[in-house]
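[1] What shape does this take:
(one chain, ligands or ions: 1)
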Amino acid sequence: MQWILIFIFSACIFLALSTTWLRKSRKYESVNSVASSYDSWTNDRLLEKLWGEHIHLGFYEKTRLKKDFRKAKIDFVHQLVRWSGLNELPKGSRILDVGCGIGGSARILSNDYGFDVIGISISQEQIKRANELTINNDLCRFEVMNALDLKFPKGSFDGVWSVEAGPHISDKQKFADEMLRVLRPGGFLAIADWNQRDSKKNPLNFFEKLIMNQLLVQWTHPEFSSIEGFKNNLLNSPYCGCSVETSNWTKYTIQSWNESIYEGFRRPLAVLKLGLRSFLKGLREIPTILLMKWSFSSGLMEFGVFKSRG
Ligand SMILES: C[S@@+](CC[C@H](N)C(=O)[O-])C[C@H]1O[C@@H](n2cnc3c(N)ncnc32)[C@H](O)[C@@H]1O
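    Predicted coordinates for the structure are as follows:
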């Protein structure tokens, strides 16, 4: 009897949560919907308290490696720096971080590599928070700006960096063009993004289309490129140097999805201290995180990294 009651109670909670999850979607409507989603995720501090100052996946050299999630995120930044060749640039080189979040990567690029970094985000609240978190560092600045309309002249930067911003951007060609336009000839481009399987080669079935729809509407994504598709966007840009190299880092990053959920159990007070509303908001993300995990494991989604020379 007791177990039946527990089962009914849990089923009710699950039903209530999942209907809220489905009803209150955070669908992409325009660049403003991305800005307001991130303003809200920044103001409630939930992401920051749970996952730290980096809003991206972590890097795990092996599967089921025991590594602190926040350390894995820092490792991710260093891995991408090395893979893209950004570490070949001398201290003082000018780097643009496109879609900088609250500045986690930008601070590493500046503090550890001595680069002169500007981070831009569409979210005003993120830029405010990035500035609060960046103390005593004149070589790391932040501005509100749209990635599709970068207010910098052609060839302004020695390196352009962008991590997990592309899925929020509807015009992928313009995104590629703008990043390459502001990169100087011979400069380094480093991008990491969530991509979907190339549906031209391998179309999505009915079930996958349903899942894909949730991955888009839950986290304000207009569309995911495929790795091949975004590589072509870079190659087709009038500002592209000559070659673009890509790699699929799904196996190095996939552990992050489970870790994102475990963090809530490892740091329960961090979430509970924010209040019941934040706790429920945190719970609301779990179905999407699980769907992401499934999609990356099944090959529906792929974690793509891209590098090129200006
Ligand atoms: C998943 S977060 C990644 C943040 C950061 N790169 C990191 O790794 O911590 C996506 C970021 O892209 C930014 N973004 C999305 N669309 C944008 C746009 N059109 N212009 C500028 N930033 C944008 C968001 O504001 C957010 O900062």
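[2] if I pick Leu150, what's in contact with it?
    Applying CB atoms under 8 Å, 6 or more residues apart in numbering to Leu150 gives the contacts 96, 98, 120, 178-179, 181-182. Yep, even glycine has a C-beta here, placed from its N, CA and C like the rest.
[3] Intersect those with the contacts of the ligand.
    For the ligand, the contacts drawn from the contacts of Leu150 by CB under 6 Å from any ligand atom are Ile120.
[4] Mind picking the two most distant members of the contacts of Leu150?
    The two members of these with the most space between them (CB to CB) are Ile120 and Arg181, at 14.0 Å.
[5] mind listing what's buried in stretch 43-60?
    Buried residues in stretch 43-60, counting neighbours by 16 or more other CB atoms under 10 Å, are found at 44, 46-60.
[6] Apologies, that question was intended for stretch 122-136.
    Here stretch 122-136 shows 122-123, 125-131, 133-134 as buried, counting by 16+ other CB under 10 Å.
[7] And stretch 246-262, by the same measure?
    Quick answer for stretch 246-262 (16+ other CB under 10 Å): 246, 249-250, 252-257, 259-260.
[8] By residue count, which strand of the protein is the longest?
    strand 183-196 (DSSP state E).
[9] okay but Glu109 is in contact with Asp97, surely?
    For the record, residue 109 is Leu, not Glu. Yes. Between Leu109 and Asp97 there is a contact under CB atoms under 8 Å: 7.0 Å.
[10] Overlap of the contact sets of the two?
    The contact sets of Leu109 and Asp97 overlap at 117, 161 (CB under 8 Å, 6+ apart).
[11] circling back: orientation of the next helix or strand after the longest strand of the chain relative to strand 183-196 in degrees?
    Using DSSP states H and E, the helix or strand that follows strand 183-196 towards the C-terminus is helix 206-218. If you take axes from the mean of the first three to the mean of the last three CA atoms, to 10 degrees, helix 206-218 sits at 130 degrees to strand 183-196.
[12] now for helix 206-218, which elements pack on it?
    On a contact count with 3 or more CB pairs under 8 Å, 6 or more residues apart in numbering; DSSP states H and E, helix 206-218 meets helix 276-298.
[13] Kindly report the residues of the stretch 151-300 of the chain close to the ligand.
    So the stretch 151-300 of the chain meets the ligand at 163-165, 168-169 (CB under 6 Å from any ligand atom).
[14] got the residues you listed as CSV, with distance to Trp219 columns?
    Putting these into CSV (distance: CB to CB, whole Å) gives the following:
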residue, distance to Trp219
Val163, 15
Glu164, 10
Ala165, 12
His168, 8
Ile169, 13
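[15] The residue nearest to Ala130 when sequence neighbours are not counted and Asp116: what is the separation?
    Among residues not flanking Ala130 along the chain, Gly103 sits closest, at 3.5 Å (CB to CB, 6 or more residues apart in numbering). To Asp116, Gly103 is 14 Å away according to CB to CB, to the nearest Å.
[16] same question, Leu290
    Counting by CB to CB, the gap from Leu290 to Asp116 is 40 Å.
[17] which of these two has more neighbours?
    More neighbours surround Asp116 than the other of Leu290 and Asp116, with 17 against 13 (other CB atoms under 10 Å).
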